[in-house]
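Peer 1: heads up, no residue letters with this:
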């Protein structure tokens, strides 16, 4: 019996071309995957940087809000030491204001009003810093939180106007007089609940804290709560 041996000739050129083709496809796939991963990485990096920036702005606006609250509390402090009133009177004289023809009550109102104006002026940098953080606040936290910062400026302006009105008197209008005094000095005891300035400032602080503090604390803070 004769055995037939079948031999096959391999075309190595064709095989090489085929392998090169598969290699090229693999290289293309690698490039595509790397590009996709690269884009995802860039997006994650940008997202992380945006969140870091948001946290930075949040911290700055919260500090600015706290400083503004403390400044307003200082402006509205009920007690005015003799030295402060003496400085206020000197400031009036320097500006050319003559209080010699005024009665005791009128003169006292003018001096106290000037003392409050001096307090406002001494804290102007606090409100300048508040203005400075408002654009980034609006960009990262929206108009609602920016409006809370504006509430501090509105409170400061209300105190300023009321101080001018207090110096001029209120023409015997007792209700107007109460409103002016409520702006100028901090309410205590039974008057604390109707303190318009403090109520607005405290509401603004709470609104800012409700948005910013959870961001600064991070997701772990929620997980740690019982």
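Peer 2: In hand now; what should we look at? All values derive from a computational prediction rather than experimental measurement. Residues are numbered from 1 along each chain as shown.

Peer 1: for the rest of this, base every contact and every neighbour count on C-alpha atoms.
Peer 2: Fine.

Peer 1: my read: residue 184 touches residue 159, true?
Peer 2: Yes - taking CA atoms under 8 Å as the definition, residue 184 is a contact partner of residue 159 at 5.7 Å.

Peer 1: give me the mean pLDDT for the one helix or strand residue 93 maps to.
Peer 2: Taking DSSP states H and E as the criterion, residue 93 maps to helix 82-94. Helix 82-94 carries an average pLDDT of 91.

Peer 1: so which bits of that helix are buried?
Peer 2: 84-85, 88-89, 91-92 (16 or more other CA atoms under 10 Å).

Peer 1: do stretch 122-141 as well
Peer 2: Buried positions in stretch 122-141, judged by neighbour count with 16+ other CA under 10 Å: 123, 126-127, 129-131, 133-134, 136-137, 140-141.

Peer 1: most widely separated two among those residues?
Peer 2: 123 and 140 (26.8 Å; CA to CA).

Peer 1: which residues does the helix holding residue 93 contact?
Peer 2: By CA atoms under 8 Å, 6 or more residues apart in numbering, the residues outside helix 82-94 that reach it are 98, 111-112, 114-115, 118.

Peer 1: all helices of the chain, in order?
Peer 2: 12-75, 82-94, 104-122, 124-168, 174-184, 196-217, 219-224 (DSSP state H).

Peer 1: these: lowest mean pLDDT?
Peer 2: Mean pLDDT values for the helices of the chain show the minimum at helix 219-224, a mean of 52.
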